[in-house]
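[1] Sequence and predicted structure, then a few things I'm wondering about:
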Amino acid sequence: MQNKMNYIALGTVMLLVSGCTTQNGRQLMGSAIGNAADTQVAYSPAACFTLQQQCVQGEYQEWETSDKQMGCSCKKL
């Protein structure tokens, strides 16, 4: 668990330093946080559709980000 938290912290710092706010940066950060919480995260209608299809034994959720993009997650049960 400590290693996962270190990777999340490192990823956060790298994104903040690089000023990365793009879709890829958001996906990278969401994936890092999601992996630590045993959750998959995606940020586009196509990626969310795929994630929803794969989330057969989990809890699927969708939301809208602050910049009006679609986000979703699948938490493993």
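    Arrived safely.

[2] so what's residue 38 scoring on pLDDT?
    The model reports residue 38 with a pLDDT of 86.

[3] Identify the bridge partners of the nearest residue to it once chain neighbours are set aside.
    Sequence neighbours aside, residue 76 is the residue nearest to residue 38 in space, at 4.9 Å (criterion: CB to CB, 6 or more residues apart in numbering). Where C-beta positions appear, they are placed from N, C-alpha and C, glycine not excepted. Beta-bridge pairing for residue 76 (DSSP bridges): residue 58.

[4] what's near enough to touch residue 76?
    38-39, 57-58 (CB atoms under 8 Å, 6 or more residues apart in numbering).

[5] Just the buried ones from these?
    39, 58 (16 or more other CB atoms under 10 Å).

[6] and the two most separated of the contacts of residue 76?
    Spatial extent of the contacts of residue 76 (CB to CB) is set by the pair 39 and 57 at 13.1 Å.

[7] contact partners of stretch 47-65?
    26-27, 40, 42-43, 70-77.

[8] give me that answer again for 10 Å
    Contact with stretch 47-65 is made by 23, 26-27, 30, 38-45, 69-77, as judged by CB atoms under 10 Å, 6 or more residues apart in numbering.

[9] Quick one: low-confidence residue ranges for the chain.
    Within the chain, the segments meeting pLDDT under 70 span 1-37.

[10] Next, residue 43: phi, psi?
    phi -140, psi 60 (degrees, to the nearest 10).

[11] So what's the residue count around it?
    Residues contacting residue 43 under the criterion other CB atoms under 10 Å number 18.

[12] Fine by me, thanks again.
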